[in-house]
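>>> Sequence and predicted structure, then a few things I'm wondering about:
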There are 2 protein chains.
Amino acid sequence: MKTILAEIITIGDELLIGQVVNTNATWMAQVLNRAGITVVQVTTVRDDSQAIWNAVSAAMTRVDIVLTTGGLGPTKDDITKTVLCGYFHTQLVEDPRVRAHVLALYKNRPEVLNSLTATQWLVPSHATILPNRVGSAPIMVFGKAKRLLVSMPGVPHEMQIAMTEQVLPFLREHLNLSEGIIHRTLVVYGIPESSLALRIEKWEKALPKTIHLAYLPKQGIVRLRLSSYGEATPEQMDEQISSLLPLICDHLIATDDLTPHAVLGQRLTINKQTIATAESCTGGRLAALLNEQSGSSAYYMGSVIAYDNSVKQQVLGVSPETLSTDGAVSEACVRQMAEGVRRLLHTDYAIATSGIAGPTGGTPDKPVGTVWIAWATPEGTYAECCYFSGDRNQITGNAAMASIGKLLLLLKNTQR
Amino acid sequence: MKTILAEIITIGDELLIGQVVNTNATWMAQVLNRAGITVVQVTTVRDDSQAIWNAVSAAMTRVDIVLTTGGLGPTKDDITKTVLCGYFHTQLVEDPRVRAHVLALYKNRPEVLNSLTATQWLVPSHATILPNRVGSAPIMVFGKAKRLLVSMPGVPHEMQIAMTEQVLPFLREHLNLSEGIIHRTLVVYGIPESSLALRIEKWEKALPKTIHLAYLPKQGIVRLRLSSYGEATPEQMDEQISSLLPLICDHLIATDDLTPHAVLGQRLTINKQTIATAESCTGGRLAALLNEQSGSSAYYMGSVIAYDNSVKQQVLGVSPETLSTDGAVSEACVRQMAEGVRRLLHTDYAIATSGIAGPTGGTPDKPVGTVWIAWATPEGTYAECCYFSGDRNQITGNAAMASIGKLLLLLKNTQR
């Protein structure tokens, strides 16, 4: 089977001065891989004719499909369309279908229709124009020597709808895509990457060359990903997974590429159980993480974010003695927070966090990164003191993730 | 002044199958720009010798400094160090200083020390080795024909400390960096990008060629960024800002590159006022956004995340009649939520949200993306029904951002 190779070119000054994170490339890589297309490179260049031209020209020698995003807006810094017309030797002409679409798109927002918007219905005469259902920039497909270039807008929402509804079906039809790429992921928690590597060293050495292993550590979680690029069968992949599982089962939290909050959500939904949270230092991140899951309303009741001590005391019922003697970052306080919110919102489980997110507020006793976490369950309340490194954002993110990862291991151990 | 050009090469399969978002490139681009180094390209390649070699070799012809991240871990898929040794014609030798550092790093975690970790103290004989204070992978600086390549680990926290404490000081010393790059940012809310462009068209046309304008739209906010790459003076930049300001003042929320939540935080801190939130559909994202700010504990009291209606009723005091007659996604409900949490947590301001985040739960009357937002203030309570497009994540993110952006405009209008 011929592997189809792709390169993503993301265009925009904002990506190169670090004002915007390149989430488009990540999202596109995900859906292209799922469609059996191997992404071999992502290139990000400025809104500069020469830079765009060079990146396009290099990519068109490397891969079968080049996908670009960005630089299609109506303002003067958007030059992608003009550069592509030059590279593919074509010219801009008015497209009545695109014109009608843009006029319809903005019929309830006349303030958006103006001379700049009008440049949006100028399209290259030698390109396939795919409709952009939700935006004004046309999606353009250029061809040269059996290689394709697809140009899409950079607005994430528009690009995603364009990819899903237009570009992938177009590529499927023109490239005869197969499902040759296979990924299998196991998710473990609570073991460092290198210890894990040693533990499974023998197994890894015996892996056939057709199957590739990657360690993906993030926020205390390690995803072990097995990939085959068209050479191994699903059965061969399953066989390797079966021999790997017993080596890591004590730390295993998922056998699919699922987040800890998705695993917890599935478990609570199946068991018809509910959960609540009481957050101090994580300040809403734990709740937001749990609610990323569609369908979370089935098991997630709510949260009390008790940033201020008065809220811990009055809403969650933490005793004033605990706050004055042990302080807010203490075992006693998180236990009372977890039990308090579990009682208040009538849930089966509750998680509470209290810690020092920094950058200020640390002491020699309780340095920045100290986080007490408690889990109130029908079997009793458990608490643990954790230490996280990094900045405020990393500490709160890691603490939120740990409070879920550790609950999953706790449930495994207490309920077997 | 000679402009120093840089390229970032991020290495790792995980970036090309879309499992990890490339936040490293964004962060590095930010600090490099601030240091007066212009990032002209970001290239992401797989953990593959040929791909790494090709990317390094192309970048070394384009720019003065190449910075790579990733592929320095102790596991078998990490091959960057070997490839760089090949490209720069050098060999791996044991470094006693790195060895001592790694042993000290893990002295309390003997489980991490093993034969794989031991490969971390093998370093290229012809490279400058900078210390990695928080991790085991060495930071390596290679040179070839007056161009530099810096190789750093891919773990974000390690890379950030390496850049801040080692790489930037090293580059400053070796490249005689100036502060030539100037960015000025104005942040506006509540006006579409193209209307904004038309409004300031005349001003934009008159901009000198030494000053570059970019529109950076995100979540309903547009940042207007003026940049000079060593050619305009700070006074010339200020002059342009002064003539732009009167054109956009009705939508202006910040005159620095600040987020709406940072602006709100500053305002509340200065006025010694407090805020609380009551969230339904945003499920913690609004609280998390407000608490991203260091120092938020000065003004942010807490939140009640009332995902379930029983919590809206029992904790926030929303009337059962409202819930049964108007429903949870209604003006009456968000008003009572905002007033309820303001009363409960004794704050000056409160924001409440209730809507349909999707993908399920929409009706013809209240489609997915409908979000009611209320603001309880000392001057009274205001409410607005908003519509957001996109998936669950985008809808909740945009709603959280809108609830802050609109509060800033509301405060401007009601308190002038």
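Noted; the coordinates are in hand.
>>> drop to CA atoms for contacts and neighbour counts, all remaining ones
Noted.
>>> how far away is A:His183 from chain B?
10 Å (C-alpha to the nearest C-alpha, to the nearest Å).
>>> What does the pLDDT read for that residue?
At A:His183, the model reports a pLDDT of 85.
>>> next one: the one 5 residues further on
Confidence per residue is given as pLDDT, and for A:Val188 that number is 95.
>>> My guess is it contacts A:Arg223. True?
Yes - at 6.3 Å, A:Val188 counts as touching A:Arg223 under the criterion of C-alpha atoms under 8 Å.
>>> So which bits of the longest helix seen in chain A are buried?
Scanning chain A for the helix with the most residues, using DSSP state H, yields helix A:392-414. Buried residues in helix A:392-414, defined by neighbour count with 16 or more other C-alpha atoms under 10 Å in any protein chain shown: A:392-409.
>>> measure stretch A:281-293 end to end?
Taking C-alpha to C-alpha, to the nearest Å, stretch A:281-293 runs 22 Å from one end to the other.
>>> Residues in contact with that stretch: which ones?
A:261-262, A:265, A:277, A:279, A:296-297, A:300, A:302-303, A:305-307, A:353-357, A:371, A:396-397, A:399-401, B:282-288, B:291, B:302, B:392-393 (C-alpha atoms under 8 Å, 6 or more residues apart in numbering or on different chains).
>>> Can you give the distance of the helix or strand harbouring A:Val222 from its chain's centre?
Assigned by DSSP states H and E, A:Val222 falls within strand A:221-229. Distance of strand A:221-229 from its chain centroid, counting by C-alpha atoms, centre = their mean, to the nearest Å, is 16 Å.
>>> cool, and stretch A:366-381?
The answer for stretch A:366-381 is 26 Å, by C-alpha atoms, centre = their mean.
>>> send the alpha carbons of that stretch over as CSV?
Presented in CSV, the C-alpha positions along stretch A:366-381 are these (Å, rounded to 0.1, in the frame of the first residue of the first chain):
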residue,chain,number,x,y,z
LYS,A,366,4.6,24.8,52.4
PRO,A,367,6.5,25.9,49.3
VAL,A,368,4.8,27.0,46.0
GLY,A,369,3.5,23.8,44.4
THR,A,370,2.2,22.2,47.6
VAL,A,371,-1.3,20.9,47.1
TRP,A,372,-3.5,18.9,49.5
ILE,A,373,-6.1,16.8,47.7
ALA,A,374,-9.0,14.9,49.4
TRP,A,375,-11.4,12.4,47.9
ALA,A,376,-14.7,11.8,49.8
THR,A,377,-16.2,8.5,48.8
PRO,A,378,-19.0,6.2,50.1
GLU,A,379,-16.1,4.1,51.6
GLY,A,380,-14.5,7.0,53.5
THR,A,381,-12.4,10.0,52.9
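>>> Note down every partner strand of the strand holding A:Val222 and its orientation.
When pairs are called by DSSP bridges, strand A:221-229 turns out to pair with strand A:181-189 (antiparallel), strand A:212-218 (antiparallel).
>>> got the contact list for the residue of chain A positioned farthest from its centre?
Going by C-alpha atoms, centre = their mean, the residue of chain A most distant from its centre is A:Glu321, 42.2 Å out. Residues in contact with A:Glu321 (C-alpha under 8 Å, 6+ apart): none are found.
>>> and it, helix, strand or coil?
Taken by DSSP: H, G, I helix; E, B strand; the rest coil, the conformation at A:Glu321 corresponds to helix.
>>> distance of it from chain B?
Counting by C-alpha to the nearest C-alpha, the gap from A:Glu321 to chain B is 20 Å.
>>> what do you get for A:Val318?
For A:Val318, the distance to chain B (C-alpha to the nearest C-alpha) stands at 15 Å.
>>> same question, A:Gly36
A:Gly36 is 11 Å from chain B, by C-alpha to the nearest C-alpha.
>>> Tell me how many other residues surround that residue.
20 (other C-alpha atoms under 10 Å in any protein chain shown).
>>> so it sits right up against A:His183, yeah?
No - A:Gly36 lies out of contact with A:His183 (C-alpha under 8 Å); the separation is 10.7 Å.
>>> Pull up the residues of the stretch 51-200 of chain A that are close to chain B.
Contact residues, the stretch 51-200 of chain A versus chain B (C-alpha under 8 Å from any C-alpha of the partner chain): A:74-75, A:77, A:111-112, A:114, A:116-117, A:157, A:192, A:194-195, A:197-198.
>>> Reformat these as TSV; add neighbour count, pLDDT and secondary structure.
Shown next, in TSV, are these (neighbours: other C-alpha atoms under 10 Å in any protein chain shown; pLDDT from 0 to 100; DSSP: H, G, I helix; E, B strand; the rest coil):
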residue	neighbour count	pLDDT	secondary structure
A:Pro74	20	78	coil
A:Thr75	19	75	coil
A:Asp77	17	76	coil
A:Glu111	12	69	helix
A:Val112	20	70	helix
A:Asn114	14	78	coil
A:Leu116	17	78	coil
A:Thr117	21	80	helix
A:His157	16	85	helix
A:Pro192	16	85	coil
A:Ser194	20	82	helix
A:Ser195	17	89	helix
A:Ala197	20	91	helix
A:Leu198	17	91	helix
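>>> For B:Ala58, state which of those is nearest.
A:Asp77 (26.5 Å; C-alpha to C-alpha).
>>> wait, is A:Gly327 part of a strand?
No - A:Gly327 is assigned coil when assessed by three-state DSSP, not a strand.
>>> Once you drop chain neighbours, what's closest to it?
Nearest non-adjacent residue to A:Gly327, counting by C-alpha to C-alpha, 6 or more residues apart in numbering or on different chains: A:Cys333, 7.3 Å away.
>>> ok, the one you found touching A:Pro320?
No - A:Cys333 is not in contact with A:Pro320 according to C-alpha under 8 Å; the separation is 9.8 Å.
>>> of those two, who's got more company?
Neighbour totals were compared for A:Cys333 and A:Pro320, and A:Cys333 leads with 28 against 16 (other C-alpha under 10 Å).
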